[in-house]
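J.: sharing a sequence plus its predicted fold:
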Amino acid sequence: MPEEKALEIKDLHKSFKSGLLGKKINVLKGISLEVKKGEIFGYLGPNGAGKTTTLKCILGLLFPDRGTINILGSDHLSIKSKEKTGFLPENPYFYDYLTASEFLNFYSQLFHKQKTEDINKLLELVGLKKHSHTQLRKFSKGMLQRIALAQALLNDPELVLLDEPLGGLDPIGRKEIRDIILSLKERGKTVFLSSHILQDIEMICDRVAILVNGSLANQGRLDELVSQEILFTEITVSKISRKELEKFGKTLTYFGNKSFMKIYDQDKVDEILQLVKEKNGTIHSLVPRTQTLEDIFVGMVKKK
Amino acid sequence: MKIRAVALNTFKEAIRDRILYLLLFFAVVSLVLSRLLSLLTVGDKIKIIMDAGLSSISIFGVLMAILMGTGLVYKEIDKKTVYTLLSKPINRNQFILGKFLGLIITLFIMLAVMTAIFIIIILLHSGTISWKLFVSLGFIFLELCLITSVALLFSCFSTPILSSIFSLSFYLIGHLSWGMETLIKKITPGISKILTQVVYTLLPDLENFNFKTEVVHNLPIPPKVFLFSLFYGITYTFFILMLSMLVFRKRDFI
Ligand SMILES: Nc1ncnc2c1ncn2[C@@H]1O[C@H](COP(=O)(O)OP(=O)(O)OP(=O)(O)O)[C@@H](O)[C@H]1O
Ligand SMILES: [Mg+2]
């Protein structure tokens, strides 16, 4: 049985006309990707890569020049697919004269099925329970981000599309929202989120796609993209003379009586351990460094 | 249901707009002034009250329709509320209809308030209220519907200031175009007559909605004229709404 797809994008192209002369700027240059049901998919890219543009195409807010988009087996513009989708835009802004609960109440009427989530529960989930009767004009940026998440979850969606979901949030807020995203996955929902903050993606995503300059530079499982191979080892030791350490490499720094070094050769690490043991030295830390998403990301962006 | 939700939200936003109350205030001032004006004139005072009153209601109603209508869609796009709204299972036509109806409800209420004040003024002058007054007011409302749809159409692709200028031009042209009818009668048959006829047909003729004279001078309203005006207003509004939907259908939200 083939694995079911929550979102399938094929050969997506989008350009904008700029100025009076109508000079064409190609923003998306043939994006193809698949998001499987039940996974958290990270859509990564530097500023201006075209993440928001892709999301707007998926939602039918922009019309692509070319390409097809499928949501849960239906065309992305169909009412059917929208019934099952939730969307959080970047820098969300809403009708500022409504209170939080009035606003959610208004949006819940836009769904056909009456099975919309309980508004009070949603407000509690995103931590806005005490503000349910506050006008949205009085909301801070982080609070707007939270209400935006609440409206995205109104219809208990199968597929949740989030554009920079952790933008504008403090560390506690980031953790709370991350937990909500993870709980969505636990309930079998599919999450597609864009971000340029690697840490967030690294922490929660199953698979990622890296978008650079309008085309995909790489995509795949996080653990496949990021090789587990050890790049180098960082060691901090003391009570060993500098002279003896120098033969292992030149990447040495000293602070106080401690010496810190980066060792690229795994065999040398064993030699150092041996040496420390013989000379009765002390090891303060030994950290093997594997590749991070950041290494890949920076590599990709530089290559382009 | 979805249309109703959008309409109600539009209404909620509209009645919070200060412009509305400012215009309502001026309309009331103008109604009261028409009463004072009538004191200075010799002859049938009630006719002056009626004439000036209906004109005030019509003009301030139109200003409300234009100034509020041109912001209808523009504001949603400008403030990016349209991003989340249209990502919900509502199609763009429903959105346009909801916006339209929301403002129509608002204008209806404003018209009702102005009418109430107007009627009080007439009754204070011991005038009697004829049913023709309501026919006239009904057609003012129909005209407001048409103007709203025009403002909405422009609002789909241009800024409020430009849209206001366009809509106001539509209104002015619409009230002057009837002159062409007389012109056509005078032109000798030929190509120029046909051209003038075509231009006249294309231009709006808002004088079709003007039943002031009939009310003020208590003239009969021929059923044929009544029905034609009704048909004209409804079809024209419908046509402009369709055009708005067409313009809005393929619009990118950037
Ligand atoms: N309406 C427009 N006209 C012309 N160019 C545009 C338009 N909208 C976006 N662009 C360009 O398209 C590119 C991609 O924009 P997009 O907003 O999709 O980037 P992004 O990946 O979301 O970036 P960020 O991380 O900053 O949100 C940018 O270079 C931007 O300048
Ligand atoms: Mg973006």
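T.: Received, thanks. Residues are numbered from 1 along each chain as shown, chains lettered A, B, ... in the order given. Ligands and ions are numbered 1, 2, ... in the order given.
J.: how far away is the nearest residue in space to residue B:12 that is not next to it in sequence from ligand 1?
T.: Distance criterion C-beta to C-beta, 6 or more residues apart in numbering or on different chains; nearest residue to residue B:12, sequence neighbours excluded, is residue A:97 at 7.0 Å. C-beta coordinates here come from the backbone N, C-alpha and C atoms, glycine included. Using C-beta to the nearest ligand atom, to the nearest Å, we find residue A:97 at a distance of 28 Å from ligand 1.
J.: contacting residues around residue A:97?
T.: Each residue near residue A:97 by C-beta atoms under 8 Å, 6 or more residues apart in numbering or on different chains is listed here: A:135-137, B:12-13, B:16.
J.: next, give phi and psi for it.
T.: phi -90, psi -10 (degrees, to the nearest 10).
J.: in what helix or strand does the residue most central in space within chain B lie?
T.: The centre of chain B sits closest to residue B:144, judged by C-alpha atoms, centre = their mean, with a distance of 1.7 Å. Residue B:144 belongs to helix B:131-155 when assigned by DSSP states H and E.
J.: name the nearest residue to residue 240, sequence neighbours excluded.
T.: Looking at chain A here, since you left the chain open. residue A:281 is the one closest to residue A:240 (C-beta to C-beta, 6+ apart), at 4.3 Å.
J.: other chain: chain B
T.: Spatial nearest neighbour of residue B:240, chain neighbours left out: residue B:149 (4.1 Å); criterion: C-beta to C-beta, 6+ apart.
J.: hang on, isn't that neighbour packed against residue B:235?
T.: No. Using C-beta atoms under 8 Å, residue B:149 makes no contact with residue B:235, being 11.4 Å away.
J.: higher neighbour count, these two?
T.: In this view residue B:149 and residue B:235 are compared by other C-beta atoms under 10 Å in any protein chain shown, and residue B:149 has more residues nearby, 25 against 11.
J.: contact partners for that one?
T.: Contact analysis of residue B:149 by C-beta under 8 Å, 6+ apart lists B:100, B:237, B:240-241, B:244.
J.: ok, now which ones touch whichever residue of the stretch 1-150 of chain A sits closest to ligand 2?
T.: As assessed by C-beta to the ion, ligand 2 sits closest to residue A:52 within the stretch 1-150 of chain A, at 3.2 Å. Taking C-beta under 8 Å, 6+ apart, we find residue A:52 in contact with A:90, A:163, A:194.
J.: near the second one, how many other residues are there?
T.: So that's residue A:163. Using other C-beta under 10 Å, residue A:163 has 24 other residues around it.
J.: that one and residue A:9, how far apart?
T.: 15 Å (C-beta to C-beta, to the nearest Å).
J.: so for stretch B:177-194, what gets flagged as buried?
T.: By 16 or more other C-beta atoms under 10 Å in any protein chain shown, the buried positions in stretch B:177-194 come out as B:177-178, B:180.
J.: how about the helices in the stretch 101-250 of chain A?
T.: A:119-125, A:141-152, A:171-186, A:198-204, A:222-225, A:242-246 (DSSP state H, counting those that start in this stretch).
J.: any idea which of those gets closest to chain B?
T.: helix A:141-152 (6.1 Å; C-beta to the nearest C-beta).
J.: got the contact list for that closest one?
T.: With C-beta under 8 Å, 6+ apart, helix A:141-152 has contacts from A:86-89, A:92-94, A:100, A:103-104, A:107, A:122-123, A:125-128, A:131, A:136, A:139, A:160-162, A:165, A:167-170, A:173, A:177, A:180, B:84.
J.: ok, now stretch A:118-129?
T.: For stretch A:118-129, contacts defined as C-beta under 8 Å, 6+ apart pick out A:100-101, A:104-105, A:108, A:131-132, A:143, A:146-147, A:149-150, A:153-154, A:173, A:176, A:180.
J.: let's see it at 7 Å
T.: Residues outside stretch A:118-129 that contact it (C-beta atoms under 7 Å, 6 or more residues apart in numbering or on different chains): A:100-101, A:104-105, A:108, A:132, A:143, A:146-147, A:149-150, A:153-154, A:176, A:180.
J.: list, one by one, the residues from the stretch 151-300 of chain A near chain B.
T.: residue A:151 (C-beta under 7 Å from any C-beta of the partner chain).
J.: let's go with 10 Å and repeat that
T.: Residues of the stretch 151-300 of chain A lying near chain B by C-beta under 10 Å from any C-beta of the partner chain: A:151-152, A:154-155, A:161, A:163.
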